[in-house]
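Enquirer: turn this into a model:
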Amino acid sequence: MTGAIVKISGPTVVAQGLEGAAMYNLVKVGSRNLLGEIVRLERDGATIQVYEETTGLSVGEPVLDTGRPLEAELGPGLLSSVFDGVQRPLPRLAETEGAWIARGAAADPLSREARWLFDPAVGPGDAVGPGDVIGSVRETERIVHRIMVPPGVSGTIDAIRGGTARVTDEVARLTDGTGLTLSQRWPVRRPRPLAGRLPPERPFLTGQRIFDTLFPLAVGGTAIVPGGFGTGKTIVEYTLAKFARADVIVYVGCGERGNEMTDVLAEFPRLVDPETGRPLMERTVLIANTSNMPVAAREASIYTGITIAEYYRDMGYEVALMADSTSRWAEALRELAARLGEMPGEEGYPTSLPTRLSQFYERAGAAECVGRPSRRGAVTVVSAISPPGGDFSEPVTQASIRVAGALWALDADLARRRHFPAVDWTRSFSLYVDRLAGWFRREVSGEWSALRAELFRVLQQDLDLQEIVQLVGVDALVDQDRLVLETARVMREGYLCQHAFSEVDATCPPAKQVWMLKVMLAIGAHGRRELERGVPLETILSSPLFERAARLKDHPPSDFEAHARGVLAEIEGRAGDG
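Expert: Presented below is the predicted three-dimensional model:
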């Protein structure tokens, strides 16, 4: 179906002659075939948001309705790829178009030349249904790509062949004539089906002590990371992408500055997977949509990313989606809503903002996958937020807090003091603590809950005392309180701080976290006993134990338990000598 342009306003185009078109159908606009999406219908008129720059577009040019919504192409070759917000492969476009991609440029998301070795898992006569695994392809050294029957397709296998095949080649045929290929397509705005949701009972281990110990995130959970400029949001996302326990990483750079995305595109191919020693890109999909790209494509990028994440979840993998940042996505919603004449809400954002954010976060979760064999997967979402001026009362942050399971609030003052991750423990929270406590006690240490509570107690005492210090000075405190301040300093610098670029301290397994806490708390308890015996505070604080505690993070985790036991034995020996 073809219509014609009657009005143009920035990325918004109005066309007539599209009777029978459906909402969110993909259209090709103008003689350059610019990609767009129908966002409003009125009689034979359609309002279209165009994913590309509309400069030079003129009234009267044709508009072609493809009859299908914006879809992601899903199949072997997704990993190691770099796409824009509508899944155009940027490296391949750069080869043909150069550094500046021409408007209307198009390329298939998955390579049509690459050949994959398909290993069938079913045979002729087998009944298959949606989600059933019919075979597999070794996509990377770590990831086996399971070829699944697309949703809505079922029948009996008539023929199936193994060997090398391209993503568009038919590898199986049903008795009704339906052909199955290595790839499938799925509308990005529609959640992929699942057999059932699972409760969040296992932690999403990040390797960051402040997250895993104080504000743990569950596998299949959601966390938001709000922070002002320079607080380290992108470094947090980098670190999680490299060290978090996830099979597949989907990183969405949504509306970020071009130089930041350049750093991402340059840095990720150099990162090494700590588990395999192979390039991290072998289990990563990058979606890049910078701030100078059209806002419509920015709005679509989040959905493209979550659809790819759901696809790997359906294979039975645990996927981590890093979105940086949803604030830029919300700004795209605001601009598009303004051009459509929608009623503005707080700070000009559309009144549907909380609903749109909720719909996005609800696509996370641990799930029973559809199809056979039985398998479980998960999508865990960590979303950075960039509140203007670091004001957490702004609409995007507040709407996200209401639906997120964990808040990791970044503080500009901590960042200025070079305390990273710059997480403000007084404002952060996790709703998963009680559900995950059993796993930590069972798999890590039976003392996990008690150690965590004692850490919080010391930090809270320190916070209360800091207010007094600001009024009367530290010299006015009694020795017991000054000892608390020193113990808390060791915990802040030696435990809560973590060096993202240190070979030893960049990541910290749970077992090391527990032993670090045991040693630090034992040193604090030893100091209190010494004070009770009448030992001067200066003598206690001059002990090398406190500095050793602050440097515990620099000791490798391989033999950390033995090292920690040695320090504890030294503490007990000092107590015995007294």
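
Enquirer: show me what the longest helix anywhere in the chain is packed up against.
Expert: Ranked by residue count under DSSP state H, the longest helix found in the chain is helix 448-472. In terms of contacts (3 or more C-beta pairs under 8 Å, 6 or more residues apart in numbering; DSSP states H and E), helix 448-472 is packed against helix 433-443, helix 479-491, helix 510-532. Placement of C-beta: from N, CA and C, glycine included.

Enquirer: what's the mean pLDDT across it?
Expert: Helix 448-472 shows a mean pLDDT of 94.

Enquirer: can I see the domain layout of the protein?
Expert: If you go by automatic domain parsing, the domain ranges for the chain are 2-69, 78-93+207-343+375-431, 111-182, 443-577.

Enquirer: buried deepest among those domains, which one?
Expert: domain 78-93+207-343+375-431 (a mean of 21; mean count of other C-beta atoms under 10 Å).

Enquirer: now the angle from the longest helix of the chain to helix 479-491?
Expert: 120 degrees (axes from the mean of the first three to the mean of the last three C-alpha atoms, to 10 degrees).

Enquirer: neighbouring contacts of helix 448-472?
Expert: With contacts defined as C-beta atoms under 8 Å, 6 or more residues apart in numbering, helix 448-472 is touched by 213-214, 425-426, 437, 440-441, 445, 476-477, 481, 484-485, 487-489, 491-492, 495, 514, 517-518, 521, 524.

Enquirer: ok, back up a step: let me have the domains of the chain in a markdown table, extended by distance to residue 198.
Expert: Output for the domains of the chain, formatted as a markdown table (distance: least, C-beta to C-beta, whole Å):
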| stretch | distance to residue 198 |
| --- | --- |
| domain 2-69 | 29 |
| domain 78-93+207-343+375-431 | 7 |
| domain 111-182 | 16 |
| domain 443-577 | 18 |
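
Enquirer: residue 367: which of the ones you listed is closest?
Expert: domain 78-93+207-343+375-431 (6.2 Å; C-beta to C-beta).

Enquirer: residues touching residue 297, list them.
Expert: Per C-beta under 8 Å, 6+ apart, neighbours of residue 297: 51-52, 84-86, 289.

Enquirer: need the nearest residue in space to it, chain neighbours excluded.
Expert: Excluding its sequence neighbours, the residue lying closest to residue 297 (C-beta to C-beta, 6 or more residues apart in numbering) is residue 85, at 3.7 Å.

Enquirer: mind putting the helices and strands packed on helix 448-472 into CSV with distance to residue 15 and mean pLDDT?
Expert: Shown next, in CSV, are the helices and strands packed on helix 448-472 (distance: least, C-beta to C-beta, whole Å; pLDDT from 0 to 100):
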stretch, distance to residue 15, mean pLDDT
helix 433-443, 50, 96
helix 479-491, 62, 94
helix 510-532, 57, 94
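
Enquirer: okay, the residue lying closest to residue 32 once chain neighbours are set aside: pLDDT?
Expert: Nearest residue to residue 32 in three dimensions, chain neighbours excluded: residue 104, at 3.6 Å (C-beta to C-beta, 6+ apart). Among the per-residue scores, residue 104 holds a pLDDT of 83.

Enquirer: any idea how many residues pack against residue 104?
Expert: 14 (other C-beta atoms under 10 Å).

Enquirer: so it sits against residue 29, correct?
Expert: No: here residue 104 does not reach residue 29: they are 9.0 Å apart, not a contact under C-beta atoms under 8 Å.

Enquirer: OK, contacts around the closest residue to residue 199 other than its chain neighbours?
Expert: Excluding the flanking residues, the one nearest residue 199 by C-beta to C-beta, 6+ apart is residue 435, at 7.0 Å. Neighbouring residues of residue 435 by C-beta under 8 Å, 6+ apart: 199-201, 218.

Enquirer: what separation do you get for residue 435 and residue 203?
Expert: 9 Å (C-beta to C-beta, to the nearest Å).

Enquirer: anything in contact with each of the two?
Expert: Joint contacts of residue 435 and residue 203 (C-beta under 8 Å, 6+ apart) are residue 218.

Enquirer: backbone dihedrals for the residue nearest to residue 32, please?
Expert: Phi and psi for residue 104, reported as degrees, to the nearest 10, are phi 80, psi 0.

Enquirer: ok, now which ones touch it?
Expert: Neighbours of residue 104 in contact, by C-beta under 8 Å, 6+ apart: 30, 32-34, 52.

Enquirer: what do you get for residue 249?
Expert: By C-beta under 8 Å, 6+ apart, residue 249 lies in contact with 241, 280, 283-285, 319-320, 322.
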